[in-house]
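S.K.: the following block contains a protein sequence and its predicted model.
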Amino acid sequence: MSTKSCGFRIAAEELRSGPIYVYGKGNGYETAKGFVFDRIGCTEIIVTDRRFNEDRRGKDGEAQLTLESFVTAVMRNKARVIITIGNQNIFDEVVLELESRGVSDTVSAKSFYEYHLSYNANSTVIDCRAEIEQAGSDIVFLREGLADSKSTEVLSQLIDLYRNKRTSIDCDPLADQYLPRDIDLEIDFSCYVCAGAYDGDTVGSIISSGERIGQLVCFEPDVINFQKLVKSISKHGAEKIEEAILYPTLLSDKTEIKSFKSSGSTNSTCTSSKLGESQIACAVDDIMPTLRPTYITIDVEGSELDALSGMKRMLKRYKPAIGIAVYHRISDLWMIHRVLREYGYSEFFLRNYSGGAAETIMYCR
């Protein structure tokens, strides 16, 4: 079994030269399409999925083929297959299945450099070096503030990735995300806030680790994800979660109406008014002024700085431990660090859970 990693310049050349062949039409496909295929300008996509039982055109014009038709087309054109499935076990099964049918040239969508620069401007994706150089003093400030050598190494590898379009970073198991085993955050779940709760996966991981949550406060604006979240939280029962408060809202620096594009996946996001639907966005300080959180996790698809601004009063007063995504934009690394310094946080850690820039989390206390 072999999968190949390709960098941005090689990938862009390939994807522009003709049709691309994709295995998987789930959430991973939507992410890859938005962050890689559309950004590079791919105009012809041929996709297969285990659910497809006939050849047809999809709603976005992509060719949807049965596996048999797909393999025939791949073999005829000697094409590479991009696999958009995130689950590693299923990914490995797909690779073996394709190899058994004679298809050996496969690559994960996560191997593409652009996949890890989800909300950066196209000019930054093409060449990040200027932004890195301009942020030199901020990066030095961040490095000096990191509390252990592992964090420093993660930072060095991230900067190397952005500068040189490499896609490999030493990472921890995804199951440890927001529950780092090697950092003594003194996490207390008596009042846990999950900003960007998705379908309840992080809450589920916490419960599976043996923890009990006192008060749980979740924010998830995507209606499809929110419905899944409600079902997931309901399954745990009062013996695992004493009280749950769930908000189907965006987080922002102030309470207002914003435009939001819902996808039912992990990459729903604020967008321009022409592309999204009106959605209320809330500042935590406004809607829960008496909340006293003990631990907060934040992954709100590029709106992390706004979310932090909207809970400034609470963070400065109570100093809960924080785990926050710092990978949606390159500048999140140093901008989020600087903001949290201003709020009085003094000890910072970086951990990565994907092997690429995605799923890089900053912990602080």
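M.R.: Received, thanks.
S.K.: run through the stretch 251-365 of the chain and note the low-pLDDT ranges.
M.R.: With pLDDT under 70 as the threshold, the stretch 251-365 of the chain has low-confidence stretches at 260-276.
S.K.: residue ranges of the helices in it, please?
M.R.: The residue ranges that make up the helices of the stretch 251-365 of the chain, judged by DSSP state H, counting those that start in this stretch, are 284-287, 304-310, 312-318, 332-342.
S.K.: find the nearest non-adjacent residue to residue 340, please.
M.R.: Excluding its sequence neighbours, the residue lying closest to residue 340 (C-beta to C-beta, 6 or more residues apart in numbering) is residue 364, at 5.4 Å. In this view, the C-beta of every residue, glycine as well, is placed from N, C-alpha and C.
S.K.: what's the answer for residue 182, then?
M.R.: If the residues on either side of it in the chain are set aside, residue 182 comes closest to residue 150, at 7.2 Å by C-beta to C-beta, 6+ apart.
S.K.: still on that earlier bit, pick the most buried one from the helices of the stretch 251-365 of the chain.
M.R.: Per-residue neighbour counts averaged over each of the helices of the stretch 251-365 of the chain give the maximum for helix 304-310, namely a mean of 22 (mean count of other C-beta atoms under 10 Å).
S.K.: check which helices and strands that one sits against.
M.R.: Taking 3 or more C-beta pairs under 8 Å, 6 or more residues apart in numbering; DSSP states H and E as contact, the helices and strands that helix 304-310 lies on are strand 250-251, helix 284-287, strand 295-298, strand 321-325, helix 332-342.
S.K.: and this structure, what are its domains?
M.R.: In the domain annotation for the chain, the residue ranges read 8-116, 132-364 (automatic domain parsing).
S.K.: okay, the helices of the stretch 251-365 of the chain in CSV with distance to residue 141 next?
M.R.: Compiled in CSV, the helices of the stretch 251-365 of the chain are given as follows (distance: least, C-beta to C-beta, whole Å):
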stretch, distance to residue 141
helix 284-287, 26
helix 304-310, 17
helix 312-318, 19
helix 332-342, 7
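S.K.: pretty sure residue 202 is touching residue 297, no?
M.R.: Yes: in this structure residue 202 lies within contact range of residue 297 using C-beta atoms under 8 Å: 6.0 Å.
S.K.: and the strands in the stretch 101-250 of the chain, which stretches?
M.R.: Counting by DSSP state E, counting those that start in this stretch, the stretch 101-250 of the chain has these strands, from start to end: 106-108, 191-195, 213-219, 241-247, 250-251.
S.K.: need those in CSV (columns: distance to residue 76).
M.R.: Putting these into CSV (distance: least, C-beta to C-beta, whole Å) gives the following:
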stretch, distance to residue 76
strand 106-108, 17
strand 191-195, 48
strand 213-219, 48
strand 241-247, 50
strand 250-251, 46
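S.K.: in CSV: the helices and strands packed on helix 304-310, plus distance to residue 305.
M.R.: Converted to CSV, the helices and strands packed on helix 304-310 look like this (distance: least, C-beta to C-beta, whole Å):
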stretch, distance to residue 305
strand 250-251, 11
helix 284-287, 14
strand 295-298, 10
strand 321-325, 10
helix 332-342, 6
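S.K.: among these, which is nearest residue 74?
M.R.: strand 321-325 (35.0 Å; C-beta to C-beta).
S.K.: can you tell me the strand partners of the closest one and which way each runs?
M.R.: Sheet pairing here is set by DSSP bridges, and for strand 321-325 it gives strand 295-298 (parallel), strand 360-364 (antiparallel).
S.K.: nearest to residue 72, out of these?
M.R.: Comparing these by C-beta to C-beta, strand 360-364 comes nearest, at 39.9 Å.
S.K.: now do the closest one: distance to the chain's middle.
M.R.: Relative to its chain's centre, strand 360-364 lies at 13 Å (C-alpha atoms, centre = their mean, to the nearest Å).
S.K.: before we move on, the earlier item: what is in contact with residue 202 and residue 297 at once?
M.R.: Common neighbours of residue 202 and residue 297 (criterion: C-beta atoms under 8 Å, 6 or more residues apart in numbering): 178, 194.
S.K.: more crowded one of these two?
M.R.: Under the criterion of other C-beta atoms under 10 Å, the comparison of residue 202 against residue 297 puts residue 297 first, with 23 against 20.
S.K.: for the more buried one, what are its contacts?
M.R.: Residues in contact with residue 297, defined by C-beta under 8 Å, 6+ apart, are 178, 192, 193, 194, 195, 196, 202, 322, 323, 324.
S.K.: looking at this structure, which helix is longest?
M.R.: Scanning the chain for the longest helix, with DSSP state H as the assignment, gives helix 149-164.
S.K.: which helices and strands sit right next to it?
M.R.: Applying 3+ C-beta pairs under 8 Å, 6+ apart, one finds that helix 149-164 contacts helix 129-134, helix 136-145, strand 348-352.
S.K.: among the strands paired with strand 321-325, which comes closest to residue 41?
M.R.: Nearest to residue 41 among these is strand 360-364; the distance by C-beta to C-beta comes to 27.1 Å.
S.K.: ok so, going back, go ahead and confirm the residue nearest to residue 182 touches residue 181.
M.R.: No: in this structure, residue 150 sits apart from residue 181 without contact. The criterion is C-beta under 8 Å, and the distance is 11.7 Å.
S.K.: have a look at the two and say which one is more surrounded.
M.R.: With other C-beta under 10 Å as the criterion, residue 150 and residue 181 differ in neighbour count, and residue 150 comes out ahead with 17 against 11.
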